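J.: sequence and predicted structure are below.
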Amino acid sequence: MMTLSKWKVLLVVLATIFGAFFTLPNLLPADARAKLPGFLPSKALNLGLDLQGGSYLLYSVDTQALRVERLNNLTEDARRTLTEGQIPFTDLGQVSGQLSVRITDPGQVNQALNLLRKSLGGELAGVQGGRDVTVSTEADQRLRVAFVPEAFDADASRAVEQSIEIIRRRIDQLGTREPNIVRQGKDRIVIEAAGESDPEKLKSVVGQTAKLTFQMVDDSVPLQEAAQGRVPPGSELLQSTDGYSPVYLVKKRAEVTGEMLVDAQGRFDQQTSRPIVSFRFNGQGARRFGEVSSQNIGRRFAIVLDKKIISAPVIQSAITGGSGQITGNFTPESANELAILLRAGALPAPLKVEEQRTVGAELGADAVKAGAISGLVGLIGVVIFMVGMYGWLFGGVSILGLIVNGLLIVGFMSITQATLTLPGIAGLILTLAVAVDANVLIYERMRDELRAGRSILSAMDSGFSRAMGTIMDANITHLLSAAILFLFGAGPVKGFAWTLSIGVFTTVFTAVLITQVLLAWWFRATRPKTLPIA
Amino acid sequence: MKHWPLVKVLPVRTHFKFVRLGKYFGVLSAVLILASLAITLLPFKPPCFGMACGIDFKGGTVLEISTAPEPVDIGKLRGALHTIELGDVQVQGFGAPSSAMVKFQTPDGASPSQTVDVVKAKISQALSPVKFVRTDVVGPKVSEELLTKGVLALGGAMLMMLIYIWFRFELQFGLGAVAALFHDVILTFGLISILKIEFNLTAVAAILTIIGYSMNDTVVVFDRLRENLRKYKRMPLAEVIDLSINEMLTRTIVTSFTGLLALIALAVFGGPTLWGLSVIMLFGIVVGTYSSIYIAAPILLLWGVKRGEEEPEVLKPAKARP
């Protein structure tokens, strides 16, 4: 073991250079790093949000709401299809997640079945010729319409993808630093925004569904009666923020939707100078809006955002220009925000915040400082202790190993851009402190062997070879617990596990190889008669 | 210098009779384990039982606010929060006098994220100017998942250790190591309960690290024990155990000491976030060292170990040429 093969020396030298090279960028300020020539590494440690400040938001896509909405749409589609096909029906409604309808005329059941089969639902994603709804007959002239299970899964999956796309568009328009948006699991979205000190703004922009619809106000029933529960079928009571009436009764059917908008801007009304949102429709939207407005002159329509009416103006004349404006209770900021939301489009389903972690940048900087100070103090303590215990030579060798170990961990974490978190700093310090364990095992073994009457050379030799098994066993236990931690941990704890795992490898490498090479050099140079630790 | 390096001054070989004291320490440990179990598990109420539950596992919101450079008016802060309907509000100073921490549960049925916005608005009204330096909101679904993951991690780690030791040593050793492991983990839970350290993900990470260290110490002693069992085939087991522990004593103390040095520095200078983590690990290193000496090895006497089946190790002649 004390024989110095060339590759061992080479490996030690290379590792040291590697560690130092990739640790280097961490010592430079950010602007100096950016100016480094291309062949030098420019990546510093990737600090976690708890160290640099920022927000972590975990959203879940409300797939249940998506189901309900799909079913509601299906109900309305069925109603329209049957009405347009002039097939009388009764008792159209939802029974345990499926649609049920009774055809009045027994002779028309088959006709209704074929009609609904042809016009309801769409193609099932990924299945050639498959439809996403099934229509079947039941006793008592009833028809049952149900979604196939795959349809909901495909829906939910598509909704998550779309949501991510829309969130990205919305945040782009906010002009903040590029956040990280990723899908997690089946129905979750993680947003990580570094440095964002105002998570409320981010949350309000991301979390709003922003589903805009234009629905006709239903005045077939007086509002008081409707409020007492006499809501006609096909209509609904919606709350209003327009300041005139707390609720309106509106038709469920959306005449025009936010998807038909091509542009929206926050502006000021030229006459009243109140903040408004102006918008333009696409061709289809303009045509529909023109038709509806010309048929309903003198009646009210409601502009509905996420099931809340923001205004309910009376149609004065046919609106055929394809543009319009929303006057609600806006501030300039909220008008602007709504414009951003409308431009980016509506989320396919509501989002719910499941978890939020926000750390201010100052707090993060304090944490880095606290970590650095405690690390420095702790490691100086270890250095003094090791030199005191084993002397300049053997203590010094373990300290050198420690330094290279530190360089390797930091360098490795810098190139892989693994996230360093606050618990990770603690893990790093602890790893370095107990890294000397391997040296201690080797030294103590050497002393044992000397005591057993071996020569210096033979004692050093078997000190290494016999301590190796123990060092391996001891470090595998660390690696196992770190691996478990990595598997089950989340966020900062994962960073901790990662730091520990990297540390296990670098520790075994440095403690064994560097100690060996340095001591072998010393032995060759001095040919000692005794070991200074015996 | 005569007294330096220190290793020269330390006794070359200690002859402590660890095993003889094993009975007493065994009783002591058993009492401590029962006490820890009682204080950790009572009141018997999930998810955290007798421990101070963090929002990671219970759900809820933690706000850390700063009114620097002015000190926080805790009374005013409490007053402001009383006007909102919240479950289980806690307000306390945190670190510097200009900082405070507010913890609360989201009322049933309310949206956690909207509730926190309302609370923030109230606090801003009462204490102006105020900065929210940390906002942690954990919803009920996520806290449930984190708890499951935490429990799985602890269970998984213990199981992995048992399997590893079993694989690497014989079953008898594995049982000894796992007994020591349970001892360490249960006592650590006791410490967490007594010191009211918040039981959260970070605490679980600390416990998992302890599992690693506790095993590390045990494995090192067992390694030597196995070697000595082969070397001294006729020595009684109790004596071999004492011999092995004594032989490894310097190493055990040195390694524990360097770990303690780093952890004390972390506990003192690391700030409030790292305090819990460092204290748990400090305790873990002390208990882990104790248990590898007084629990893991002496407990082998209870069921004995298989001996004499392996080939005696022949001392290999060392390669002489450097």
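T.: Perfect, thanks for sending it.

J.: might one say that A:Val135 is in contact with A:Arg142?
T.: No. The pair A:Val135 / A:Arg142 is not scored as a contact, 11.2 Å apart, by CB atoms under 8 Å. C-beta here means a position set from N, CA and C on the backbone, and glycine is covered the same way.

J.: starting at the chain centroid, how far to stretch A:112-123?
T.: 39 Å (CA atoms, centre = their mean, to the nearest Å).

J.: identify each buried residue in that stretch, please.
T.: A:Ala112, A:Leu113, A:Leu115, A:Leu116, A:Arg117, A:Leu120, A:Gly121 (16 or more other CB atoms under 10 Å in any protein chain shown).

J.: C-terminal to the helix or strand harbouring A:Ser294, what's the next element?
T.: If you go by DSSP states H and E, A:Ser294 is part of helix A:283-295. Sequence order places strand A:301-305 as the next helix or strand after helix A:283-295, per DSSP H and E.

J.: so what strands line up beside that next one?
T.: Under the criterion DSSP bridges, strand A:301-305 sits next to strand A:212-217 (antiparallel), strand A:308-311 (antiparallel) in its sheet.

J.: what is the nearest residue to A:Ile189 once chain neighbours are set aside paired to in the beta sheet?
T.: With sequence-adjacent residues excluded and distances taken as CB to CB, 6 or more residues apart in numbering or on different chains, A:Ile189 is closest to A:Tyr59, at 4.7 Å. For A:Tyr59, the beta-bridge partners under DSSP bridges are A:Ile189, A:Val353.

J.: mind listing what the closest residue to B:Met158 other than its chain neighbours touches?
T.: Computed as CB to CB, 6+ apart, the closest residue to B:Met158 that is not its neighbour in sequence is B:Leu181, at 6.2 Å. By CB atoms under 8 Å, 6 or more residues apart in numbering or on different chains, the contact set of B:Leu181 is B:Met158, B:Met161, B:Ile211, B:Ser214, B:Met215, B:Thr218.

J.: how about the residues of the stretch 251-400 of chain A near chain B?
T.: Residues of the stretch 251-400 of chain A found near chain B, taking CB under 8 Å from any CB of the partner chain as the criterion, are A:352-360, A:362-363, A:366-367, A:370-371, A:373-375, A:377-379, A:381-382, A:385-391, A:394-395.

J.: change it to 6 Å
T.: A:353-360, A:363, A:370, A:373-374, A:377-378, A:381-382, A:388-391 (CB under 6 Å from any CB of the partner chain).

J.: ok, now the stretch 401-534 of chain A?
T.: So far as CB under 6 Å from any CB goes, the stretch 401-534 of chain A lies against chain B at A:422-423, A:426, A:429-430, A:433-434, A:436-437, A:440-441, A:444, A:458, A:461-462, A:470, A:473-474, A:477-478, A:480-481, A:484-485, A:488, A:493, A:496, A:533.

J.: which ones among the contacts of B:Leu181 lie within helices?
T.: B:Met158, B:Met161, B:Ile211, B:Ser214, B:Met215, B:Thr218 (DSSP state H).

J.: give me the neighbour count for the third one.
T.: Applying the criterion other CB atoms under 10 Å in any protein chain shown, we find 28 residues in the vicinity of B:Ile211.

J.: repeat that for the fourth one.
T.: If you count neighbours by other CB under 10 Å, B:Ser214 ends up with 31.

J.: what's near enough to touch it?
T.: B:Ser214 makes contact with B:Leu181, B:Asp184, B:Gly288 under the criterion CB atoms under 6 Å, 6 or more residues apart in numbering or on different chains.

J.: cutoff 10 Å now
T.: A:477, A:481, B:161, B:177, B:180-185, B:188, B:284-285, B:287-292, B:295-296 (CB atoms under 10 Å, 6 or more residues apart in numbering or on different chains).

J.: how about the fifth one?
T.: Applying CB under 10 Å, 6+ apart, we find B:Met215 in contact with A:473-474, A:476-478, A:480-481, B:157-158, B:160-162, B:164-165, B:177-178, B:180-181, B:184, B:222, B:288, B:292, B:296.

J.: ok, the first one next?
T.: With contact taken as CB under 10 Å, 6+ apart, B:Met158 is in contact with A:Ser481, A:Ile484, B:Val178, B:Leu181, B:Phe182, B:Val185, B:Leu208, B:Ile211, B:Met215.

J.: tell me which two of these sit farthest apart.
T.: A:Ile484 and B:Phe182 (16.4 Å; CB to CB).

J.: endpoints of stretch A:225-234, how far apart?
T.: In stretch A:225-234, first residue to last residue: 16 Å (CA to CA, to the nearest Å).

J.: report the buried residues of it.
T.: For stretch A:225-234, by 16+ other CB under 10 Å, it's A:Ala226, A:Val231.

J.: ok, now stretch B:158-170?
T.: B:Met158, B:Met160, B:Met161, B:Leu162, B:Tyr164, B:Ile165, B:Trp166, B:Arg168, B:Phe169.

J.: for it, what does the pLDDT average out to?
T.: For stretch B:158-170, mean pLDDT is 85.

J.: what about that stretch, distance to the chain center?
T.: 20 Å.

J.: what's the neighbour count on the residue lying closest to A:Ala194 once chain neighbours are set aside?
T.: Spatial nearest neighbour of A:Ala194, chain neighbours left out: A:Gly54 (4.1 Å); criterion: CB to CB, 6+ apart. A:Gly54 has 25 neighbours, counted by other CB under 10 Å.

J.: got a list of what A:Ser163 touches?
T.: Contacts of A:Ser163 (CB under 10 Å, 6+ apart): A:59, A:61, A:181, A:183, A:187, A:189, A:206, A:209, A:346-351.

J.: got it, and B:Gly79?
T.: Going by CB under 10 Å, 6+ apart, the list of residues near B:Gly79 reads B:Asp73, B:Lys122, B:Ala126.

J.: buried ones only from those, please, as a ChimeraX command.
T.: Selection of buried members from those for ChimeraX, criterion 16+ other CB under 10 Å:
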select /B:122,126
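
J.: could you redo the contacts of B:Gly79 as a markdown table and give each row secondary structure and distance to A:Arg168?
T.: As requested, those are arranged in a markdown table below (DSSP: H, G, I helix; E, B strand; the rest coil; distance: CB to CB, whole Å):
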| residue | secondary structure | distance to A:Arg168 |
| --- | --- | --- |
| B:Asp73 | coil | 42 |
| B:Lys122 | helix | 33 |
| B:Ala126 | helix | 37 |
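
J.: got the residues of the stretch 101-250 of chain A near chain B?
T.: A:Gly185, A:Arg188, A:Ser197, A:Asp198, A:Pro199, A:Glu200, A:Lys203, A:Ser204, A:Gly207 (CB under 10 Å from any CB of the partner chain).

J.: which ones among the residues you listed lie within strands?
T.: If you go by DSSP state E, those have A:Arg188 in strands.

J.: give me the buried subset of the residues of the stretch 101-250 of chain A next to chain B.
T.: A:Arg188, A:Ser197, A:Pro199, A:Glu200, A:Lys203, A:Gly207.

J.: now for those, which pair is the farthest apart?
T.: A:Arg188 and A:Ser197 (24.6 Å).

J.: and the helices in the stretch 151-300 of chain B?
T.: B:171-194, B:201-231, B:237-269, B:271-291, B:300-303 (DSSP state H, counting those that start in this stretch).

J.: pick the one among the buried residues of stretch B:158-170 closest to A:Met260.
T.: Among these, and counting by CB to CB, the member closest to A:Met260 is B:Met160, at 57.7 Å.
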